[in-house]
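*Asks:* here is my input; please provide its structure:
(one chain, ligands or ions: 1)
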Amino acid sequence: MTQIKKIGLYTSGGDAPGMNAAIRAVVRTAKYYNIEVIGIRRGYEGMINGEFFPMDGKSVANIIQRGGTILKTARSEQFKTPEGRRLAYDQLMNHGIQGLVAIGGDGTFTGARIFGNEYDMPVVGLPGTIDNDLNGTDFTIGYDTAINTVIDAVDKIRDTAESHDRLFIVEVMGRDSGLIALRTGIASGAEAIIIPETNRDINALMDRLENGRKDKSSKIVMVAEGEDAGGAFEIGRQVKEKFPNYDTRVSILGHIQRGGKPSCMDRVLASRVGVAAVEALRDGHRNEMIGIVHNEISYTPFEHACKHHVEINANFLKIVEILSI
Ligand code: F6P
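*Replies:* Below is the predicted model of the structure:
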């Protein structure tokens, strides 16, 4: 096995707080092992367009506490085509890159898996997404910060809901995943949670409102943006129609969930998997995501890491039901 001397590093897909901490960890670990790092801007799009620049220990100073990604990010349509991937591979070859570290989520790893099978290029991935929807890691980088941003916002909504005796439908992120809604629903004392993974539909919510305690002055319903019931506004419309006595409002939290200073948990997670990623490439790993399971570094092939397999812990929903009486 030839020792890797030069690696490329990129962030791709939706940004997540803690990505900068991961970038810092990868660059500094590479320096520790005398490996050169080439930063690639704007994910696969930048790889195709040759947006490459050298990174050293100093270039990642003072970023561990910053949200977003200094490498910028994008969702690339071109990389989904064989022609796009060929262009990307040629760019990597022209720059003498012998391995890649990808920071992102499901789409990033799907691209990495296809690329790693087509070309002789070792790729390892770091789980960077607020959605927490990857197998092979207990938590993804950004999730902890995002759920704390959500409960901070919902606590504020609760204040005004309480003052006005209102019911709020709060929509959180997670196009295909209810994991943000699930945890923040429990943490903010929600009445009900509507998420895409379960077959609990809007009727379950209606039952809850029909049969639940009537003397509560405020009610919060957490909805994941990807759920099938038609989105928060549609749910709000149906609730208003069925329960005209409730003073109902809808609040969409949106992209504030993706920004902000990463939490301590996210910085530490990013630092741990960042170090492990460089060591993994040195040890000959390829086509794997580096995560942490039960506090130990774990290596999961990209095809297993991707979200279709993530199971919802049914106990979480039961907890909401029990605690919201
Ligand atoms: O992938 C993370 C995520 O924030 C999802 O929760 C959300 O559905 C999506 O990205 C939004 O993407 P965009 O910023 O491209 O609209």
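
*Asks:* name the element Leu126 belongs to?
*Replies:* Leu126 belongs to strand 123-127 when elements are defined using DSSP states H and E.

*Asks:* and the gap between Lys242 and the ligand?
*Replies:* For Lys242, the distance to the ligand (CB to the nearest ligand atom, to the nearest Å) stands at 28 Å. Any C-beta I mention is one placed from the backbone N, CA and C, and that applies to glycine too.

*Asks:* repeat that for Asn315.
*Replies:* Distance of Asn315 to the ligand, computed by CB to the nearest ligand atom: 23 Å.

*Asks:* which helix or strand contains that residue?
*Replies:* With DSSP H and E as the test, Asn315 turns up in helix 314-323.

*Asks:* which strands and helices sit next to that helix?
*Replies:* Contact here means 3 or more CB pairs under 8 Å, 6 or more residues apart in numbering; DSSP states H and E; on that basis helix 314-323 packs against helix 179-187, strand 192-194.

*Asks:* buried residues in it?
*Replies:* By neighbour count on 16 or more other CB atoms under 10 Å, the buried set for helix 314-323 is Phe316, Leu317, Val320.

*Asks:* quick one: the helices in the stretch 201-325 of the chain, in order.
*Replies:* For the stretch 201-325 of the chain, applying DSSP state H, counting those that start in this stretch gives helices covering 202-211, 231-242, 264-282, 302-305, 314-323.

*Asks:* name the nearest residue to Gly236, sequence neighbours excluded.
*Replies:* Val250 (4.1 Å; CB to CB, 6 or more residues apart in numbering).

*Asks:* which residues touch the nearest residue to Ser324 once chain neighbours are set aside?
*Replies:* Residue nearest to Ser324 in three dimensions, not counting chain neighbours: Glu191, with 5.1 Å by CB to CB, 6+ apart. Contacts of Glu191 were listed using CB atoms under 8 Å, 6 or more residues apart in numbering, and they are Leu167, Arg208, Leu209, Gly212, Lys216, Lys219, Ile220, Val221, Ser324.

*Asks:* surely Ala153 is in contact with Gly260?
*Replies:* No: the criterion here is CB atoms under 8 Å, and Ala153 misses it with Gly260 at 11.1 Å.

*Asks:* hang on, the earlier thing: same for the strand holding Leu126, what does it pack against?
*Replies:* Counting by 3+ CB pairs under 8 Å, 6+ apart, strand 123-127 packs on strand 99-104, helix 106-118, helix 264-282, strand 288-293, helix 302-305.

*Asks:* most tightly surrounded among the helices of the stretch 201-325 of the chain?
*Replies:* Highest mean neighbour count of the helices of the stretch 201-325 of the chain: helix 264-282, a mean of 22 (counted as mean count of other CB atoms under 10 Å).

*Asks:* and the stretch 51-200 of the chain, which residues reach the ligand?
*Replies:* Listed as neighbours of the ligand in the stretch 51-200 of the chain under the rule CB under 6 Å from any ligand atom: Gly105, Thr129, Ile130, Asp131, Met173, Gly174, Arg175.

*Asks:* looking at those residues, state which has the most neighbours.
*Replies:* Ile130 (31 neighbours; other CB atoms under 10 Å).

*Asks:* before we move on, the earlier item: ok, of the contacts of Glu191, which come out buried?
*Replies:* Buried among these (16+ other CB under 10 Å): Leu167, Arg208, Leu209, Lys219, Ile220, Val221, Ser324.

*Asks:* buried residues in the longest helix along the chain?
*Replies:* Counting residues, the longest helix found in the chain (DSSP state H) is helix 143-164. Using 16+ other CB under 10 Å as the test for burial, helix 143-164 gives 143-151, 153-154, 157-158, 161.

*Asks:* ok, so of the buried residues of helix 314-323, who is nearest the ligand?
*Replies:* Phe316 (18.2 Å; CB to the nearest ligand atom).

*Asks:* just checking, the closest one touches Arg183?
*Replies:* Yes: between Phe316 and Arg183 there is a contact at 7.4 Å, judged by CB under 8 Å.

*Asks:* what is the least confident helix or strand in this structure?
*Replies:* Lowest by mean pLDDT, DSSP states H and E among the helices and strands of the chain is helix 202-211, with a mean of 86.

*Asks:* okay, the angle between it and helix 314-323?
*Replies:* Orientation note: helix 202-211 sits at an angle of 20 degrees relative to helix 314-323 (axes from the mean of the first three to the mean of the last three CA atoms, to 10 degrees).

*Asks:* about what we covered before: least confident of the helices and strands packed on helix 314-323, on average?
*Replies:* Looking at the helices and strands packed on helix 314-323, the lowest mean pLDDT belongs to strand 192-194 (a mean of 91).

*Asks:* just how off-centre is that one within its chain?
*Replies:* 20 Å (CA atoms, centre = their mean, to the nearest Å).

*Asks:* now stretch 7-26
*Replies:* 12 Å.

*Asks:* likewise for stretch 12-30?
*Replies:* 13 Å.

*Asks:* CA atoms of it as PDB?
*Replies:* Extracted in PDB, the C-alpha atoms of stretch 12-30 (Å, rounded to 0.1, in the frame of the first residue of the first chain):
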ATOM      1  CA  SER A  12     -21.200  19.200   0.400                       C
ATOM      2  CA  GLY A  13     -25.000  19.300   0.700                       C
ATOM      3  CA  GLY A  14     -26.700  21.300   3.400                       C
ATOM      4  CA  ASP A  15     -24.200  23.000   5.800                       C
ATOM      5  CA  ALA A  16     -24.200  22.100   9.500                       C
ATOM      6  CA  PRO A  17     -22.700  23.700  12.600                       C
ATOM      7  CA  GLY A  18     -19.500  21.900  13.400                       C
ATOM      8  CA  MET A  19     -18.400  21.400   9.800                       C
ATOM      9  CA  ASN A  20     -15.600  24.000  10.400                       C
ATOM     10  CA  ALA A  21     -14.500  22.100  13.500                       C
ATOM     11  CA  ALA A  22     -14.300  19.000  11.300                       C
ATOM     12  CA  ILE A  23     -12.300  20.800   8.600                       C
ATOM     13  CA  ARG A  24      -9.900  22.100  11.300                       C
ATOM     14  CA  ALA A  25      -9.400  18.600  12.700                       C
ATOM     15  CA  VAL A  26      -8.700  17.000   9.300                       C
ATOM     16  CA  VAL A  27      -6.200  19.700   8.200                       C
ATOM     17  CA  ARG A  28      -4.300  19.600  11.500                       C
ATOM     18  CA  THR A  29      -4.300  15.800  11.700                       C
ATOM     19  CA  ALA A  30      -3.000  15.700   8.200                       C
END
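
*Asks:* many thanks, we can stop here.
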